[in-house]
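Peer 1: Sequence plus the predicted model coming up.
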Amino acid sequence: MKNMKTTTKKITNKFVPLFLLAVVMMWMKTYLTQKTQFKLDVDGVLQEFLLFINPLGSALLLLSLSLLFKGKRKYISLLFIYVVMSIFLYANAVYYRFFSDFLTLPTLFQTQNFGDLGGSIVTLIQPTDLLFFVDVALLIYLVFSKRVPKETKNFKTKAVIPAITMALAISFLNLGLAESDRPELLTRGFDRNYIVKYLGMYNYALYDTVETLKSSSQRVLADSDDGTEVVNYTKSNYASPNEAYFGAAEGMNVVYLHLESFQTFLMDYELNGEEVTPFLNSLIGEENTMYFDNFFHQTAQGKTSDAEFMLENSLFGLPKGSAFITKGQNTYQAAPALLKDRGYTSAVFHGNNGTFWNRSEIYKSFGYDHFFDIESYTNLTDQDMAEYGVMDKPFFEQSAPLLESLPEPFYSKFITVAHHFPYKIDPALTTIEKAATGDASVDNYFQTARYADEAIEQFFTQLEESGLADNTMVVMYGDHYGISDNHNAAMSQLLGKEITPVENTKLQRVPLFIHVPGMEGGVNHTYGGQIDLLPTVMHLLGVDTQNNVQFGTDLLSPEHEELVTFRNGDFASPEIYAVGEQFYNPETGLPIEDEKQLEIAENLQEHGTYELQLSDRVVNGDLLRFYTPPGFEPIDPADYNYQVDPAVVEGE
């Protein structure tokens with residue numbers, strides 16, 4: 001009888017009902033968020049069950065920590081844990097709306113970017129987001145209301161063990177079922193969607209933390225032997241230059257124009273019967289301009305910084321976070337450094353804060369001589385400012401004297417910002433109507449694209465007027481998508497076709513123009529990506545890259561392999577697209593079923609995955625500190641100082 005009373009007392013502990021309510025609320029909220037806010041491509045009964053059950057183990061385990069606290073502190077700790085989990089869940093939902101990706105530990109440490117991201121974040125917040133916190137308000141009421149009886153007695157440790165044991169049992173069952181559906185879930189591939197789909201948001205966060213710590217430790221443990229496999233691979237993968245183009249731009253200045261958020265579908269696209277980008281369209285047929293219509297972005301969470309990282313180094317961006325932020329002090333053999341022994345001066349122009357994406361530090365590791373950031377641009381009006389810095393037209397106008405002040409030959413890069421999400425622009429600056437899909441991000445996209453196109457035309461005019469045009473190679477590249485797959489319904493309406501996995505892959509194409517005075521131009525259908533830009537540009541300048549650690553190959557070389565590997569392990573080639581776990585024929589859009597084609601596809605994917613792993617090994621281990629190509633002078637970041645010289649800015 002006594003034992004029965006004791007058992008009843010334990011069961012009726014006043015804290016237990018509140019604890020169980022919190023577990024169920026967090027379980028259901030997480031499930032509904034995963035189901036409605038993320039595109040996880042759930043397929044089949046097992047995957048549906050895993051999506052439903054995976055938040056339970058995490059919610060039970062994390063909230064069980066409150067049972068370890070004494071007295072009324074267990075109520076406060078329960079509320080605190082619940083609020084933190086809710087904020088984490090909501091932050092991922094907002095982040096996913098634009099990036100189609102999840103927050104990782106490295107992105108959370110990119111705090112120096114947060115101030116500049118304010119406008120974009122506000123745009124992503126929706127009125128219905130209040131529903132994310134209705135349960136939080138209820139829990140706050142239950143914890144602090146005097147009408148709800150509170151339990152002051154403490155739980156003994158042995159009473160907490162069953163809750164934690166049950167949580168772990170559910171999580172291990174979840175992992176076992178996930179592994180049965182997708183073997184080696186945690187060891188193969190780079191796609192975070194799979195981790196969230198199978199294991200849930202909170203287990204994903206744990207996995208991400210472990211992986212981040214592992215990659216951070218690689219530099220400490222690395223030695224010169226680790227780079228041998230990498231050097232051997234890149235040398236064997238080298239594509240020799242095309243004799244017809246090698247040195248076509250030798251001795252010329254180099255100007256990179258960063259086409260922010262431009263996608264290839266914009267080229268020759270007409271909105272309401274009007275060309276969106278008439279100037280860029282005119283360059284497609286220009287005699288000295290080569291246009292690549294199968295050129296893909298390969299960025300991940302680093303977006304713009306990933307694109308820069310690849311074009312400067314021919315190394316892949318990291319699978320999570322940005323190498324600009326986390327690997328800024330590494331040793332690099334970037335384009336500005338490679339060209340120093342050719343007498344090149346180098347400079348970057350950007351009308352935003354120099355600290356954004358840690359540019360003011362990593363550019364020193366790249367060997368850039370000058371960095372002209374927002375401090376170099378004066379006498380600006382409110383109309384001259386975009387969400388992320390100076391609007392493109394005043395940016396190019398004020399950059400002209402700075403560019404002309406550089407000793408020739410120079411290697412330079414202009415990072416534009418006007419055509420950046422959320423695509424806001426003063427109506428007085430627009431020269432084309434919005435689209436009318438009802439999706440604001442998509443509808444606004446075309447007005448800022450037209451403005452950017454006009455600004456690029458202005459830059460070409462300035463180049464002619466300065467006398468630099470006849471001795472300058474201009475490379476224009478799209479950095480990443482502007483419209484994510486979260487807006488495929490609106491894109492389907494605009495393009496007049498269903499956005500299938502193949503069509504969505506094609507939307508990852510970005511423009512690449514290479515204009516070289518005297519070089520034969522035309523449309524080039526070669527498949528390539530941002531990883532291939534460095535060797536292509538170096539060979540046009542007459543600089544052989546055979547001894548450099550570069551994972552891309554010259555787009556103009558007959559030996560160039562037409563395989564574009566994306567950061568998540570998917571790929572695109574002329575014959576096969578890999579999307580998720582399926583291989584497709586890009587012409588028909590249908591899944592590939594032929595055994596020989598499937599074998600080819602698997603080999604291509606294995607090859608691409610191996611390259612990603614080698615590149616990550618180089619970046620995480622900082623392996624270039626152990627290898628110096630013949631004739632290359634290593635960069636010392638301490639030699640560079642980007643303090644603005646007022647005399648240069650004012651053109652004195």
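Peer 2: All right, it came through fine. Residues are numbered from 1 along each chain as shown.
Peer 1: residue contacts, residue 260?
Peer 2: Applying Cβ atoms under 8 Å, 6 or more residues apart in numbering to residue 260 gives the contacts 304, 415-420, 452, 479, 482. Every residue, glycine included, has its C-beta placed from N, CA and C.
Peer 1: Let's see which of those end up in helices.
Peer 2: Using DSSP state H, the subset of those located in helices is 304, 452.
Peer 1: ok, the contacts of residue 260 vs residue 329, which is closest?
Peer 2: Of all the contacts of residue 260, residue 329 sits closest to residue 304, with 20.2 Å by Cβ to Cβ.
Peer 1: what does the average pLDDT come to for the helix or strand hosting residue 448?
Peer 2: Here residue 448, judged by DSSP states H and E, is contained in helix 440-466. The average pLDDT for helix 440-466 rounds to 97.
Peer 1: Does anything pack onto that helix? Which helices or strands?
Peer 2: strand 253-259, helix 278-284, helix 392-404, strand 472-478, helix 488-495 (3 or more Cβ pairs under 8 Å, 6 or more residues apart in numbering; DSSP states H and E).
Peer 1: on that earlier part again, what two of the contacts of residue 260 are the furthest from one another?
Peer 2: 415 and 482 (15.1 Å).
Peer 1: Neighbour count and distance to residue 547 added to the contacts of residue 260, as a markdown table?
Peer 2: Formatted as a markdown table, the contacts of residue 260 follow (neighbours: other Cβ atoms under 10 Å; distance: Cβ to Cβ, whole Å):
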| residue | neighbour count | distance to residue 547 |
| --- | --- | --- |
| 304 | 22 | 29 |
| 415 | 24 | 30 |
| 416 | 29 | 34 |
| 417 | 25 | 36 |
| 418 | 28 | 40 |
| 419 | 26 | 38 |
| 420 | 22 | 38 |
| 452 | 28 | 38 |
| 479 | 25 | 28 |
| 482 | 25 | 37 |
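Peer 1: and which of the contacts of residue 260 is nearest to residue 605?
Peer 2: Checking those against residue 605 by Cβ to Cβ gives residue 479 as the nearest, at 25.0 Å.
Peer 1: Spit out the contact partners of the closest one.
Peer 2: 258-262, 297, 299, 303-304, 307-308, 510.
Peer 1: picking that back up, nearest to residue 28 among the helices and strands packed on helix 440-466 would be which one?
Peer 2: helix 488-495 (27.0 Å).
Peer 1: Can you point out the buried residues in that closest one?
Peer 2: By 16 or more other Cβ atoms under 10 Å, the buried positions in helix 488-495 come out as 488, 490-491, 493-494.
Peer 1: Could you dump these into JSON lines with pLDDT and distance to residue 588 added?
Peer 2: Output for the buried residues of helix 488-495, formatted as JSON lines (pLDDT from 0 to 100; distance: Cβ to Cβ, whole Å):
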{"residue": "488", "pLDDT": "94", "distance to residue 588": "20"}
{"residue": "490", "pLDDT": "96", "distance to residue 588": "25"}
{"residue": "491", "pLDDT": "97", "distance to residue 588": "20"}
{"residue": "493", "pLDDT": "96", "distance to residue 588": "23"}
{"residue": "494", "pLDDT": "96", "distance to residue 588": "23"}
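Peer 1: Which parts of the stretch 51-200 of the chain are helices?
Peer 2: 73-99, 105-108, 114-124, 134-144, 157-181, 192-199 (DSSP state H, counting those that start in this stretch).
Peer 1: what's the least confident stretch among the ones you listed?
Peer 2: Averaged per stretch, pLDDT over the helices of the stretch 51-200 of the chain is lowest on helix 114-124, reaching a mean of 59.
Peer 1: residue contacts, the closest residue to residue 477 other than its chain neighbours?
Peer 2: Closest residue in space to residue 477, ignoring its immediate chain neighbours: residue 512 at 5.3 Å, by Cβ to Cβ, 6 or more residues apart in numbering. If a contact means Cβ under 8 Å, 6+ apart, then residue 512 has 291-292, 295, 475-478, 528, 533 as its contacts.
Peer 1: let's see 10 Å
Peer 2: For residue 512, the contact set (Cβ atoms under 10 Å, 6 or more residues apart in numbering) comprises 259, 264, 290-296, 475-478, 524, 526, 528-530, 532-533, 536, 555.
Peer 1: Same check on residue 391?
Peer 2: 351, 380-381, 383-385, 397, 416-418, 425-426, 429, 448, 451-452, 455.
Peer 1: The helix holding residue 448 vs strand 253-259, what angle?
Peer 2: Going by axes from the mean of the first three to the mean of the last three Cα atoms, to 10 degrees, helix 440-466 is angled at 160 degrees with respect to strand 253-259.
Peer 1: give me the number of residues near residue 536?
Peer 2: Residue 536 has 29 neighbours, counted by other Cβ atoms under 10 Å.
Peer 1: Please determine how far it is located from residue 169.
Peer 2: Remark: distance between residue 536 and residue 169 (Cβ to Cβ, to the nearest Å) = 55 Å.
Peer 1: again, but for residue 16
Peer 2: For residue 16 relative to residue 169 (Cβ to Cβ), the value is 19 Å.
Peer 1: Spatially nearest residue to residue 133 (excluding sequence neighbours)?
Peer 2: Closest residue to residue 133 apart from its sequence neighbours, by Cβ to Cβ, 6+ apart: residue 86 at 6.5 Å.
Peer 1: now swap in residue 238 and tell me
Peer 2: residue 546 (5.2 Å).
Peer 1: quick one on the thing from earlier: most surrounded residue in the contacts of residue 479?
Peer 2: residue 308 (30 neighbours).
Peer 1: Now name the helix or strand holding that one.
Peer 2: Per DSSP H and E: helix 304-313 holds residue 308.
Peer 1: and that helix, how far from the chain's centre?
Peer 2: On the basis of Cα atoms, centre = their mean, to the nearest Å, helix 304-313 sits 11 Å off its chain's mean C-alpha point.
Peer 1: How about stretch 359-367?
Peer 2: What separates the centre of stretch 359-367 from the centre of its chain is 19 Å, taken as Cα atoms, centre = their mean.
Peer 1: what do you get for stretch 428-447?
Peer 2: How far stretch 428-447 lies from its chain's middle: 24 Å, per Cα atoms, centre = their mean.
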